[in-house]
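Engineer: Coordinates for the following, if possible.
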Amino acid sequence: MFNILYNNKLSVSFSICKSIISPINNFRQYWSYFGYENDFPEALGGNCLYLVNLLRESFEQKIEMLQVINGTHVAALIDGEKFFDPCLIMQDSVFAEADFAMTGLDFGVSGRVELSRKKLNCLNVAWNLDLPNLQVSRSYFEFDILNPFSRVLNDYHFELTRNSSEMFFLRFVNLSTGFLNTVCYKHAKQEWFWTFHPYPSSSYRCEIDANFCNQFQESLGLSFDDFRKICFDSKLLLNDFNRFRRL
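Structural biologist: All right, here's what the predicted structure looks like:
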């Protein structure tokens with residue numbers, strides 16, 4: 001068991017089966033790349049690699065990575081038999097060899113994760129998330145179950161930056177509403193919005209008003225103004241990163 005502090009006031013105990021309650025973002029890696037890891041607020045979480053590595057550092061079990069086929073997302077394979085994706089806030093790890101398995105979502109967020117083995121080399125994962133408008137967001141992933149790996153090459157870190165070129169996003173659990181929220185910053189256009197859909201590409205766009213800013217601070221222990229500054233600094237680091245890659 002270990003404890004992780006979420007929003008500076010809520011301490012939650014987890015076993016290896018329980019989700020790490022951590023926001024997801026696509027810009028922390030720039031701070032890590034340039035050696036500013038300690039300056040980045042832990043309350044904002046990180047990307048899939050960060051969360052799986054957090055699992056590996058916290059437990060003695062053998063934890064390998066599974067990669068999405070023809071994609072750049074990773075999840076965890078625990079002791080060679082259990083699947084767990086902290087980005088999907090799964091309530092429990094699930095045996096990857098089962099023909100069909102299902103688990104709920106953690107921290108009161110409504111929905112479920114379904115796993116199936118339709119092909120020998122492919123673990124099919126469906127994330128069904130209940131949205132506040134009574135609709136369901138359903139996402140599909142296919143993981144290369146036969147080729148787990150432990151070491152991550154630098155090229156893979158570069159691949160994970162592709163979706164940061166035009167937009168930064170942060171997905172977190174809104175403690176006031178009990179739903180996932182996604183904050184988006186389209187830095188090329190200086191455009192800010194949030195959505196109750198898990199993906200920033202969603203057509204559901206909401207204005208960032210005083211009420212949402214209060215909910216953001218209540219949920220993460222960080223003011224929205226401070227978050228804006230972190231995004232502005234991340235954009236500067238992204239520019240440096242792109243200049244470095246062009247050399």
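Engineer: for residue 54, phi and psi?
Structural biologist: phi -60, psi -40 (degrees, to the nearest 10).
Engineer: Report the separation between it and residue 220.
Structural biologist: When CB to CB, to the nearest Å is the yardstick, residue 54 and residue 220 sit 17 Å from each other. In short, each C-beta sits where N, CA and C put it, glycine included.
Engineer: Neighbour count for those two, which is higher?
Structural biologist: Ranked by neighbour count (other CB atoms under 10 Å), residue 54 and residue 220 place residue 220 first, with 24 against 17.
Engineer: what's the burial count for the closest residue to the more buried one other than its chain neighbours?
Structural biologist: If you skip the residues right next to it in sequence, residue 220 has residue 43 as its closest partner in space, 4.9 Å away by CB to CB, 6 or more residues apart in numbering. Counted with other CB under 10 Å, the neighbours of residue 43 add up to 17.
Engineer: swap in residue 57?
Structural biologist: 8.
Engineer: Distance-wise, check it relative to residue 51.
Structural biologist: Using CB to CB, we find residue 57 at a distance of 11 Å from residue 51.
Engineer: What segments of this protein are helices?
Structural biologist: Counting by DSSP state H, the segments of the chain that form helices are 28-33, 48-58, 154-159, 210-220, 224-246.
Engineer: Among these, which comes closest to residue 176?
Structural biologist: Between residue 176 and these, the tightest spacing by CB to CB is seen for helix 210-220, at 4.5 Å.
Engineer: Would you mind pulling the contact partners of the closest one?
Structural biologist: By CB atoms under 8 Å, 6 or more residues apart in numbering, the surrounding residues in contact with helix 210-220 are 7, 23, 43-44, 172-177, 181, 183, 194, 206, 222-224, 227.
Engineer: Rounded mean pLDDT for stretch 39-51, please.
Structural biologist: On average, the pLDDT along stretch 39-51 is 94.
Engineer: Quick check: buried residues in it?
Structural biologist: Neighbour counts over stretch 39-51 (16 or more other CB atoms under 10 Å) mark 40, 42, 43, 44, 45, 46, 47, 48, 49, 50, 51 as buried.
Engineer: How about stretch 101-116?
Structural biologist: When neighbours are counted by 16+ other CB under 10 Å, the buried residues of stretch 101-116 are found to be 101, 103, 105, 106, 107, 109, 111, 112, 113, 114, 115.
Engineer: who's residue 111 bridged to?
Structural biologist: According to DSSP bridges, the partner residues bridging residue 111 are residue 129.
Engineer: Report the contact partners of it.
Structural biologist: Contacts of residue 111 were listed using CB under 8 Å, 6+ apart, and they are 104, 105, 127, 128, 129, 130, 136.
Engineer: 6 Å instead?
Structural biologist: Residue 111 sits next to 105, 128, 129, 130 when contact means CB atoms under 6 Å, 6 or more residues apart in numbering.
Engineer: related to what we said a few turns ago, which of the buried residues of stretch 101-116 has the weakest pLDDT?
Structural biologist: Across the set of the buried residues of stretch 101-116, residue 107 stands lowest in pLDDT, at 87.
Engineer: CA atoms only: put stretch 186-197 into CSV for me.
Structural biologist: Once side chains and other backbone atoms are set aside, the C-alpha atoms of stretch 186-197 remain, and they are given as CSV (Å, rounded to 0.1, in the frame of the first residue of the first chain):
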residue,chain,number,x,y,z
LYS,A,186,-4.5,26.2,-28.2
HIS,A,187,-1.3,28.2,-27.8
ALA,A,188,-1.0,29.0,-31.5
LYS,A,189,-4.2,31.0,-31.3
GLN,A,190,-4.0,31.9,-27.6
GLU,A,191,-7.4,30.2,-27.1
TRP,A,192,-8.6,28.6,-23.8
PHE,A,193,-11.6,26.4,-23.2
TRP,A,194,-12.7,23.4,-21.2
THR,A,195,-14.8,20.4,-22.0
PHE,A,196,-16.6,17.7,-20.0
HIS,A,197,-15.5,15.3,-22.8
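Engineer: Fine by me, thanks again.
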